[in-house]
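A.B. asks: I'd like to go over a predicted model; first the sequence, then the structure.
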Amino acid sequence: MRTDERLAIELPGLKLKNPVMPASGCFGFGDNRYAEMFDLNELGAIIIKAATLKPRIGNPVPRIAETKSGVLNAVGLQNPGVDVILKEKLPVLHKKYPELPIIANVAGATQAEYVEVAKRLSESGMVSALELNISCPNVHEGGMLFGTDPVIAQRLTQAVKEVSRVPVYVKLSPNVTDIVAIAQAVAAGGADGLSMINTLLGMRINLKTRSPILGNKTGGLSGPGIKPIAVRMIYQVSRAVDLPIIAMGGIETADDVLEMYMAGASAVAIGTAHFNNPTACPDLIRELPQKMDELKIDSLSELITEVRGAQ
Amino acid sequence: MLTKNDFQIIEQQELAHDIYRVILHGEFNYAGVKPGCFVMLKLPDEAYQLRRPLAIAACDSVQKTITLIYRIVGDGMRLLSKLAVGTIVNILGPLGNGFSLENVDVGTEVLLVGGGTGLPPLMMLAQVLKEKGCRVSTAVGFRTASMIFGETEFERSGQLLLATDDGSRGFKGNVGELLASQTTVSKYTNVYACGPEGLLKMVQTRFVPTETAIYLSLEGRMACGVGACEACVVSTGEGTFNKCVCVEGPVFNGREVIL
Ligand SMILES: Cc1cc2nc3c(=O)[nH]c(=O)nc-3n(C[C@H](O)[C@H](O)[C@H](O)COP(=O)(O)OP(=O)(O)OC[C@H]3O[C@@H](n4cnc5c(N)ncnc54)[C@H](O)[C@@H]3O)c2cc1C
Ligand SMILES: Cc1cc2nc3c(=O)[nH]c(=O)nc-3n(C[C@H](O)[C@H](O)[C@H](O)COP(=O)(O)O)c2cc1C
Ligand code: FES
């Protein structure tokens, strides 16, 4: 695919030919059949599935439930653990797509666990940046707890920054009253960027069994239904904190991407949209320049300056 | 090769109470289709964020058609049943491993066990096994006579044993009870089953102590269908969810999979 320079952006640790990347948990480690449908080299970057210190078996099934214009998931950070990821998953991905920037999503139950996983992933030489997941609503210990208290979030960010050899993006939870306070706290902790938003805590009930549909009872809501929340939060945070933002939450079209930029984003990640459209990312990359022409946008980096410079 | 292509509905028919058959015309990797493979159908309404997994009941690589048979379960299948001939729907596929046909040959005794919407993949399997010269017996269960479908297809491939829960047709009871009532028990080389969990467990209980190879086709709540999201997991080892139904299944060795 021809690289369109108008889509190129530079962020801490990331020199991207375009701003589009699959979101964590919706694209595995690139080791799935989506890779049969397009060349992953077309992507701006890839955010891989959460890594924890020990393997996690995840939550009981059902792990997925549909809602109008959204999806609830409670996968529960199932992953083979950082050792296997470093030994098996990352090398395969990195070798197959040497030019593709990899962002590793880091999760944990304790601060020490986050720090250890972050250290090892960042030392691997295979990842360009870390995404610190302090916002998973589907685990009972750690996860979202780290993302709902500014003091804990700041301390964790600081501790991870001390050991990480690559830039650290902190992934924020929308399940808070004041997301700006959390964003300011992780900025004070030394974060290089932000990722937002993770899923919103939700639930659905099966009328026949009269009990929750998901095995975990609650799950995280994603998809187009949450886009206005993401836009609002990115708008608020980008005006209060001087860090680049990777935007996610219901992005499906080039219009959605540009809306995120106008709210204050610098790049975008795509999750739920893959399920209906497995080639959502390359489709967006193709559609963006045309949409930019229509809206008289010369380049994405200029758009970022225009939006964020005007703060 | 996996594709997401537009298919056109060329036939839509109610086969039995709440059971429909839709025939779709379009391009995809027909050579890669095995009995037991499935597709993920995108509903033509933006409110639905998840494609629907449906087994391939028949496929014709010359006419370029696939046949899906589905029961109205919820809003998605109801919407599908209302789509008129000529409507375009998007199909992701072919997906899944399909049933193993490795150890079958002319004269091999095989048993197919199915219930309700577990039958569509067995219909294609029955035909393929018959073409290979196997001796095919099929035991199927329905809730009631008005929901019966697939009779002609299974009878064409061999012997058909039929049960209804309410006894309105055939044996009164479930398929497990039907099999237990058989006085002459054949030595099957393979048993293939697809249907509700209770039926699959029954097949495990009945055949694990025997020499018969057991192939169970599972259903799982799916999002991606391609092994990317880990929504559809099952376990083949205590304390794990180590397999994805969508890529490592939907057919599993009945001696390994934990239901
Ligand atoms: C590999 C595979 C093959 C299948 N083959 C067939 C078939 O040939 N014929 C047939 O009638 N049905 C089949 N099913 C079940 C079929 O996918 C569901 O009946 C259908 O998705 C229900 O959609 P709905 O919108 O009508 O129901 P709703 O209950 O409104 O659906 C809500 C959500 O739950 C999911 N869901 C609901 N029931 C099931 C189920 N039993 N299995 C998996 N997901 C479910 C839906 O996909 C959707 O995401 C198959 C399932 C799998 C996994
Ligand atoms: C099935 C599924 C699994 C997810 N797993 C993770 C995960 O492991 N780590 C993480 O930080 N976010 C995870 N997420 C959240 C997404 O990365 C993303 O933040 C969220 O879904 C919003 O984007 P979307 O609306 O485009 O899906 C997951 C989302 C889904 C739907
Ligand atoms: S449905 Fe996503 S891994 Fe099977």
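C.D. replies: It's in. Ligands and ions are numbered 1, 2, ... in the order given.
A.B. asks: could you list every residue that touches residue B:2?
C.D. replies: A:33, A:36-37, B:29, B:92-95, B:226 (CB atoms under 8 Å, 6 or more residues apart in numbering or on different chains). C-beta coordinates here come from the backbone N, C-alpha and C atoms, glycine included.
A.B. asks: run the last query once more with 6 Å
C.D. replies: A:33, A:36-37 (CB atoms under 6 Å, 6 or more residues apart in numbering or on different chains).
A.B. asks: need the phi and psi values for it.
C.D. replies: phi -100, psi 130 (degrees, to the nearest 10).
A.B. asks: now swap in residue A:236 and tell me
C.D. replies: The phi and psi torsions at residue A:236 (degrees, to the nearest 10) take the values phi -60, psi -50.
A.B. asks: next one: residue B:160
C.D. replies: Torsion angles at residue B:160 (phi, psi; degrees, to the nearest 10) stand at phi -120, psi 130.
A.B. asks: what's the closest residue to ligand 1 within the stretch 51-200 of chain A in contact with, if anything?
C.D. replies: Ligand 1 sits closest to residue A:66 of the stretch 51-200 of chain A, with a gap of 4.4 Å, by CB to the nearest ligand atom. Counting by CB under 6 Å, 6+ apart, residue A:66 touches B:49-50.
A.B. asks: element containing it, please.
C.D. replies: Per DSSP states H and E: residue A:66 is located in strand A:64-67.
A.B. asks: and residue A:263, what is it in contact with?
C.D. replies: So residue A:263 contacts A:231, A:234-235 (CB under 6 Å, 6+ apart).
A.B. asks: oops, could you answer that again for residue A:189 instead?
C.D. replies: Applying CB under 6 Å, 6+ apart to residue A:189 gives the contacts A:154, A:157-158.
A.B. asks: could you rerun that using 8 Å?
C.D. replies: By CB under 8 Å, 6+ apart, the contact set of residue A:189 is A:153-158, A:161, A:170.
A.B. asks: quick check: bridge partners of residue B:39?
C.D. replies: residue B:54 (DSSP bridges).
A.B. asks: that one: neighbour count?
C.D. replies: Residue B:39 sits with 28 neighbouring residues when counted by other CB atoms under 10 Å in any protein chain shown.
A.B. asks: my guess is it contacts residue B:54, does it?
C.D. replies: Yes - between residue B:39 and residue B:54 there is a contact at 6.0 Å, judged by CB atoms under 8 Å.
A.B. asks: for residue B:151, which non-adjacent residue is spatially closest?
C.D. replies: Closest residue to residue B:151 in three dimensions, ignoring its sequence neighbours and counting by CB to CB, 6 or more residues apart in numbering or on different chains: residue B:160, at 6.7 Å.
A.B. asks: can you check residue B:133 too?
C.D. replies: residue B:106 (3.5 Å).
A.B. asks: that neighbour and chain A: what is the separation?
C.D. replies: In this view, residue B:106 and chain A are 35 Å apart by CB to the nearest CB, to the nearest Å.
A.B. asks: residue contacts, residue B:215?
C.D. replies: For residue B:215, the contacting residues are B:99-100, B:190-193, B:251-254, by CB under 8 Å, 6+ apart.
A.B. asks: that one belongs to a strand, doesn't it?
C.D. replies: Yes - counting by DSSP: H, G, I helix; E, B strand; the rest coil, one finds residue B:215 located in a strand.
A.B. asks: partner residues bridging the residue nearest to it when sequence neighbours are not counted?
C.D. replies: Distances taken as CB to CB, 6+ apart place residue B:192 nearest to residue B:215, at 4.8 Å, with adjacent residues excluded. When bridges are called by DSSP bridges, residue B:192 pairs up with residue B:112, residue B:215.
A.B. asks: wait, residue B:192 touches residue B:113, no?
C.D. replies: Yes - the pair residue B:192 / residue B:113 is scored as a contact, 7.2 Å apart, by CB under 8 Å.
A.B. asks: who does the lowest-mean-pLDDT helix or strand in chain A touch, helix- and strand-wise?
C.D. replies: Within chain A, no helix or strand scores below helix A:145-148, which has a mean of 88 by mean pLDDT, DSSP states H and E. Contacts defined by 3 or more CB pairs under 8 Å, 6 or more residues apart in numbering or on different chains; DSSP states H and E place helix A:145-148 against helix A:150-163.
A.B. asks: of the contacts of residue A:189, closest to residue B:258?
C.D. replies: residue A:156 (36.9 Å; CB to CB).
A.B. asks: pLDDT score for residue A:310?
C.D. replies: You'll see residue A:310 listed with a pLDDT of 56.
A.B. asks: what's the burial count for the residue nearest to residue B:215?
C.D. replies: Neighbours of residue B:192 under the rule other CB under 10 Å: 30.
A.B. asks: identify the residues contacting it.
C.D. replies: B:99, B:110-113, B:122, B:125, B:215, B:217.
A.B. asks: next one: residue B:239
C.D. replies: residue A:57.
A.B. asks: I'd like to know which elements the longest strand anywhere in chain B is packed against.
C.D. replies: Looking across chain B with DSSP state E, the single longest strand is strand B:3-16. Packed against strand B:3-16 by the contact rule (3+ CB pairs under 8 Å, 6+ apart) you find strand B:19-25, strand B:65-71, strand B:88-95.
A.B. asks: please export the C-alpha coordinates of stretch A:247-266 as CSV.
C.D. replies: In CSV, the C-alpha atoms belonging to stretch A:247-266 read as follows (Å, rounded to 0.1, in the frame of the first residue of the first chain):
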residue,chain,number,x,y,z
ALA,A,247,-8.2,7.4,21.1
MET,A,248,-10.4,4.4,21.1
GLY,A,249,-14.1,3.7,21.7
GLY,A,250,-16.5,2.9,18.9
ILE,A,251,-14.4,4.0,16.0
GLU,A,252,-15.7,2.5,12.7
THR,A,253,-15.3,5.1,10.0
ALA,A,254,-12.9,7.7,8.7
ASP,A,255,-15.5,10.3,10.1
ASP,A,256,-15.1,8.7,13.5
VAL,A,257,-11.3,9.0,13.3
LEU,A,258,-11.4,12.7,12.4
GLU,A,259,-14.0,13.3,15.2
MET,A,260,-11.5,11.9,17.6
TYR,A,261,-8.8,14.1,16.2
MET,A,262,-11.0,17.1,16.6
ALA,A,263,-11.6,16.2,20.2
GLY,A,264,-7.8,16.1,20.8
ALA,A,265,-6.5,12.7,19.8
SER,A,266,-3.2,12.0,18.1
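A.B. asks: can you tell if that stretch touches ligand 2?
C.D. replies: Yes - Stretch A:247-266 comes into contact with ligand 2 (CB under 6 Å from any ligand atom), by way of A:248-251.
A.B. asks: which of the residues you listed sit farthest apart?
C.D. replies: Farthest pair in the residues of stretch A:247-266 next to ligand 2 (CB to CB) is A:248 and A:250. Separation: 8.2 Å.
A.B. asks: brilliant, that's me finished.
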